[in-house]
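Engineer: Pasting the sequence and the predicted model now:
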Amino acid sequence: MSQPPIFSYENLSLHQGEGWLFRDLDLHVGPRDRLALIGRNGAGKTTLLRLITDEIESDKGKRVIQPGVNIVMLEQEPDFTPFETLRDYALSGPMGPAQHDVEAIADQLGTDLSTRADKASGGEKRRAAICRALASEPDLLLLDEPTNHLDLGAIDWLEEWLGRYKGAFITISHDRTFLTRLTKQTLWLDRGTIRRLEVGFGGYDAWMEKIYADETRSAEKLDAKLKLEAHWLERGVTARRKRNQGRLAKLWEMRAQRAAMIGPAGAAKLQAESDDSRTKSVITATNISKSFGEGDAKRVIIRDFSLRIQRGDRIGIVGSNGAGKTTLLKMLTGELESDTGSVVLAQTLNGVFIDQQRSLLTPDKRVRDVLADGSDWIDVRGTKKHVQGYLKEFLFAPSLIDARVGTLSGGEQSRLLLAREFARMSNLLVLDEPTNDLDLETLDLLQEVIADYEGTVLLVSHDRDFLDRTVTVTLGLDGSGNVDVIAGGYAEWEAQRKQSGSNQKSSSKPAQASSKPAARSSSPSKKLSYKDQRDYDQLPERIEAIDQRMGEIEQALADPKLYVRDFPKFEALTKENSALIEEKDAAEMRWLELAEEVEQLLNP
């Protein structure tokens, strides 16, 4: 931090429940810091933000703010009950935000502030809260899950605003893409301590993995309880990440195979399927449409859409709020009848629906009651497992087996719901916004479980990184009734939208959507060019070398004394790490495009 801090908390300690949540923490925020605040559910991330705003008083510590510094917090769940309209809430900030600033931000976000607060949706309330926070002209902006309830367009707008923002911010978020694009430093709350890394979230994984590995090697010096915790973390994080490298390669392979089944114009090749392919089909949608309303008020949600979903597909559905994502999901699963066309489901289809409705969990029930009807054993898709062992697979302490559901955090309840539903025998998994209230480690776990799932997956999500790591095919809704069919994740759909220059397609037929990245020719040659072949052969080795160098840099930056001892080296390593992150992303995208092209050449 080259400039004096605008905010500091020294020796911060807070006692909660039966013990200390924080003990002797030191926190300093510079005038241009972009801090990612990371920690598992229950680590105290939101509590720390409330301590910064002085909403909560610490048991110990010195809080220092530079004169004139305005601290503003965007809460995860703000209280709208005292306000009649969203405008009333947005204008109620402690610094009295100017009405014209509030209205200008609302116009850019496309939200109507005259909406009654008690009738507003979660997305409308989130936009009003953003209007209030940003119009308050903060010097230090605290963001608690800012992308929750926002659609992709609003997330893009917020990212652009924060990119231009001249002050400092600290953000809690499970949106990896949001964190990677915006943050420059990382704060990690872990078991009552706080660590700081002068690298953004893009370098967090390697840093965390090294710390856990060091702790595991020193486990003989720790007490038995901490040994056990270190074992979970090592097994649940470090080992998982190594396995996920293989899963990512498998996902790329599946995308390349699926691209060969998608026509050159982006529509499923329904008529050209072999008999063998038909036996693998689990859902076949043919010329389906859906609209709501009558006359001038009639709105087309889905227009003349066809798709064959194969066994093992991972289908992601994306689009703005109101574009029809949930409508399409319900049509594909037979819950909602289409106006035209037909949807045929395989007779053997057995689905599990996970929509994060924690209301299904009774607060007075014990964890073992939810998972195994009070038994010590649970049937996990045909395999008998002890409940305590199964709990560890979902990052729960085995001692929570008799805890009441009502004592769990919101994220823990979501994780418990996932554990219960994933245990059921099924061959179709349907998830509607599954990432809500999940911390980053649980998101990693969810990605792993989906990757290993032997059936078909349909999911709706606004989480771009989650989609990129999970799905083989993306269905992109533009709000006019058209559905793009893209082999790949969110990044491929975003590239398709940029290539077209607009969300609006020239034809109402989904066949107009291209499934190929912008760089590919619509008429590929019979073999790769010399440059393409060289890249295809050499990029995997280059990506591996980048990973190795990033690991070396993160190990060097993990030294807390480097910043003071050798600042030029620290600064050079930080810049090199940022450049390597960008180079790796570009290399992975380039290799995936070439892999799809090779698949197309092999299967014309």
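Structural biologist: Yep, it's here.

Engineer: domain ranges for the chain?
Structural biologist: Following automatic domain parsing, one gets these domains for the chain: 7-204, 252-350+426-513, 351-425, 523-604.

Engineer: Please convert the ones you listed to a markdown table, extending it with mean pLDDT.
Structural biologist: Output for these, formatted as a markdown table (pLDDT from 0 to 100):
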| stretch | mean pLDDT |
| --- | --- |
| domain 7-204 | 91 |
| domain 252-350+426-513 | 79 |
| domain 351-425 | 84 |
| domain 523-604 | 76 |
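
Engineer: Could you save those as TSV and add columns showing distance to Tyr212?
Structural biologist: C-beta here means a position set from N, CA and C on the backbone, and glycine is covered the same way. Formatted as TSV, those follow (distance: least, Cβ to Cβ, whole Å):
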stretch	distance to Tyr212
domain 7-204	9
domain 252-350+426-513	11
domain 351-425	14
domain 523-604	12
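
Engineer: The ones you listed: which one's closest to Asp214?
Structural biologist: Across these, Asp214 has its closest neighbour in domain 523-604 (8.6 Å, Cβ to Cβ).

Engineer: Leu21 - that's part of a strand, no?
Structural biologist: Yes. Under DSSP: H, G, I helix; E, B strand; the rest coil, Leu21 falls within a strand.

Engineer: Please enumerate the strands of the stretch 1-150 of the chain.
Structural biologist: For the stretch 1-150 of the chain, the strands defined by DSSP state E, counting those that start in this stretch occupy 7-16, 19-29, 34-38, 60-65, 71-74, 140-144.

Engineer: Let's have the ones you listed in TSV, adding mean neighbour count.
Structural biologist: Shown next, in TSV, are the strands of the stretch 1-150 of the chain (neighbours: other Cβ atoms under 10 Å):
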stretch	mean neighbour count
strand 7-16	17
strand 19-29	18
strand 34-38	24
strand 60-65	15
strand 71-74	23
strand 140-144	24
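
Engineer: Helices of the stretch 101-250 of the chain, residue ranges please.
Structural biologist: Using DSSP state H, counting those that start in this stretch, the helices of the stretch 101-250 of the chain run over 122-135, 152-164, 176-182, 204-217, 224-233, 239-259.

Engineer: List the buried residues of the first one.
Structural biologist: For helix 122-135, the neighbour count (16 or more other Cβ atoms under 10 Å) marks 123-135 as buried.

Engineer: do the third one as well
Structural biologist: By neighbour count, with 16+ other Cβ under 10 Å as the criterion, the buried positions of helix 176-182 are 176-180, 182.

Engineer: which one of those sits closest to Glu454?
Structural biologist: Closest approach to Glu454 among the buried residues of helix 176-182 (Cβ to Cβ): Arg176, at 26.1 Å.

Engineer: Quick check: that closest one vs Ala285, distance?
Structural biologist: In this view, Arg176 and Ala285 are 31 Å apart by Cβ to Cβ, to the nearest Å.

Engineer: again, but for Leu528
Structural biologist: Counting by Cβ to Cβ, the separation of Leu528 from Ala285 is 35 Å.

Engineer: And Lys575, by the same measure?
Structural biologist: 49 Å.

Engineer: swap in Gly44?
Structural biologist: Distance from Gly44 to Ala285, by Cβ to Cβ: 47 Å.

Engineer: ok, the two, which is more surrounded?
Structural biologist: Regarding Gly44 and Ala285, a neighbour count based on other Cβ atoms under 10 Å identifies Ala285 as having more, with 23 against 20.

Engineer: Helix or strand next in line after the helix or strand containing that one, which one?
Structural biologist: For Ala285, the host element (DSSP states H and E) is strand 281-292. Tracing the chain past strand 281-292, the next element assigned as helix or strand by DSSP H and E is strand 299-310.

Engineer: what pairs with that following strand, and is each one parallel or antiparallel?
Structural biologist: strand 281-292 (antiparallel) (DSSP bridges).

Engineer: Alpha carbons of the partner strand, in CSV - could you do that?
Structural biologist: C-alpha atoms of strand 281-292 as CSV (Å, rounded to 0.1, in the frame of the first residue of the first chain):
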residue,chain,number,x,y,z
SER,A,281,-31.9,-38.9,-26.3
VAL,A,282,-33.6,-38.0,-23.0
ILE,A,283,-35.5,-34.9,-24.1
THR,A,284,-36.6,-34.0,-27.6
ALA,A,285,-38.2,-30.6,-28.2
THR,A,286,-39.6,-30.0,-31.7
ASN,A,287,-40.7,-26.5,-32.8
ILE,A,288,-41.9,-25.5,-29.4
SER,A,289,-43.2,-22.0,-28.6
LYS,A,290,-44.6,-20.1,-25.7
SER,A,291,-46.3,-16.7,-25.2
PHE,A,292,-48.2,-15.0,-22.5
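
Engineer: returning to that earlier point: can the buried residues of helix 122-135 go into a markdown table with extra columns for distance to Ile543?
Structural biologist: Supplementary listing: those in a markdown table, determined by distance: Cβ to Cβ, whole Å:
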| residue | distance to Ile543 |
| --- | --- |
| Gly123 | 37 |
| Glu124 | 42 |
| Lys125 | 42 |
| Arg126 | 37 |
| Arg127 | 39 |
| Ala128 | 43 |
| Ala129 | 40 |
| Ile130 | 37 |
| Cys131 | 42 |
| Arg132 | 43 |
| Ala133 | 39 |
| Leu134 | 38 |
| Ala135 | 43 |
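
Engineer: which among these gets closest to Gly488?
Structural biologist: For those, the nearest to Gly488 is Gly123 (26.2 Å; Cβ to Cβ).

Engineer: mind listing what the nearest residue to the closest one once chain neighbours are set aside touches?
Structural biologist: Closest residue to Gly123 in three dimensions, ignoring its sequence neighbours and counting by Cβ to Cβ, 6 or more residues apart in numbering: His149, at 4.5 Å. Listed by Cβ atoms under 8 Å, 6 or more residues apart in numbering, the contact partners of His149 are 121-123, 125-126.

Engineer: Tell me the one of the buried residues of helix 122-135 nearest Leu307?
Structural biologist: Nearest member of the buried residues of helix 122-135 to Leu307, counting by Cβ to Cβ, is Gly123, at 27.1 Å.

Engineer: Surely that closest one and Asp151 touch.
Structural biologist: Yes. In this structure, Gly123 is within contact of Asp151 by Cβ atoms under 8 Å, at 6.8 Å.

Engineer: where do the contact lists of the two overlap?
Structural biologist: Joint contacts of Gly123 and Asp151 (Cβ under 8 Å, 6+ apart) are Asn321.

Engineer: how many other residues sit next to the nearest residue to Arg132 once chain neighbours are set aside?
Structural biologist: Distance criterion Cβ to Cβ, 6+ apart; nearest residue to Arg132, sequence neighbours excluded, is Ala90 at 4.4 Å. When counting by other Cβ under 10 Å, one arrives at 27 neighbours for Ala90.

Engineer: List the contacts of Ala90.
Structural biologist: 97, 102, 106, 113, 128-129, 131-132, 135.

Engineer: which one of the residues you listed sits closest to Leu143?
Structural biologist: The nearest one, if we look at the contacts of Ala90 relative to Leu143 and count by Cβ to Cβ, is Ala129, at 10.3 Å.

Engineer: Surely that closest one touches Leu86?
Structural biologist: No. With contacts counted by Cβ under 8 Å, Ala129 stays clear of Leu86, the gap being 9.0 Å.

Engineer: Over to Asp379. Which of the three states is it?
Structural biologist: strand.

Engineer: The one 5 residues further on now?
Structural biologist: Here Lys384 is strand, with the state taken from three-state DSSP.

Engineer: For it, give the beta-bridge partners.
Structural biologist: Beta bridges link Lys384 to Asp379 when assigned by DSSP bridges.

Engineer: And Val344, by the same measure?
Structural biologist: In beta-bridge terms (that is, DSSP bridges), Val344 pairs with Thr284.

Engineer: Tell me if I'm right that it and Thr284 touch.
Structural biologist: Yes. Counting by Cβ under 8 Å, Val344 does reach Thr284; the two are 4.6 Å apart.

Engineer: More neighbours: which of the two?
Structural biologist: Between Val344 and Thr284, Thr284 has the larger neighbour count (other Cβ under 10 Å), namely 20 against 13.
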